[in-house]
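Participant: my questions concern the predicted model and sequence given below.
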Amino acid sequence: MIIVYDSLTGQCERFASRLGETVVDILDYEDDNGEDVLLVTRSWDFGKVTDEAREFLESHSEKVKGVAVGGNRNWGTNFGAAGVKIEKEYGIELILKFEGSGFSQDVEYVKDWINKYKERVS
Ligand SMILES: Cc1cc2nc3c(=O)[nH]c(=O)nc-3n(C[C@H](O)[C@H](O)[C@H](O)COP(=O)(O)O)c2cc1C
């Protein structure tokens, strides 16, 4: 499983790099070996999905098995709302919402999800 991250100020990139898998910037992604993808993206502008994530999903959503979304609780009901939209619009499981570059338990939770996913498909 490859981790594709969408990050402007580095928080989602840091979260992605803590998951112990290969990571790639969403802008550099090339679908050359067909590996399953976990997308780490961020909420933007009152809970919107970023243009980068949308463009990526329009071409590659069938590869994406789960999404973890970064955000900030100061945004109230829009906290991590991009992840909810991705789940609804593209049928991709929202694994979790996290703040900043994530607490250790957030990282462990997603690592655990990845391991269980690998077991399911092996
Ligand atoms: C202009 C702007 C809009 C944002 N809108 C939201 C939002 O609607 N919901 C949310 O949860 N976080 C929102 N955030 C917070 C970011 O999603 C959060 O800081 C995230 O960690 C940024 O990830 P990055 O450092 O990888 O770019 C916003 C941040 C900025 C600067």
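Facilitator: Looks like it came in fine.
Participant: spatially central residue in this structure, please.
Facilitator: Val40 (2.1 Å; CA atoms, centre = their mean).
Participant: partner residues bridging that residue?
Facilitator: Counting by DSSP bridges, Val40 is bridged to Tyr5, Ala68.
Participant: now stretch 101-117: mean pLDDT?
Facilitator: Mean pLDDT, stretch 101-117: 98.
Participant: repeat for stretch 66-75
Facilitator: pLDDT averaged over stretch 66-75 gives 98.
Participant: can you name the residue of the protein nearest the ligand?
Facilitator: Of all residues in the chain, the one sitting closest to the ligand is Gly71 (2.2 Å; CB to the nearest ligand atom). Glycine gets a C-beta too; all of them are placed from N, C-alpha and C.
Participant: distance check, that residue against Asp28.
Facilitator: 23 Å (CB to CB, to the nearest Å).
Participant: and Ser101, by the same measure?
Facilitator: 20 Å.
Participant: which of those two has more neighbours?
Facilitator: More neighbours surround Ser101 than the other of Ser101 and Asp28, with 18 against 7 (other CB atoms under 10 Å).
Participant: the helix or strand containing Ile3 and the ligand in contact?
Facilitator: Using DSSP states H and E, Ile3 sits within strand 2-5. No. Using CB under 6 Å from any ligand atom, strand 2-5 stays clear of the ligand, with a minimum separation of 7.4 Å.
Participant: for that strand, give me every contacting residue.
Facilitator: By CB atoms under 8 Å, 6 or more residues apart in numbering, the residues outside strand 2-5 that reach it are 12-13, 15-16, 19, 21-26, 29, 35-41, 56, 64.
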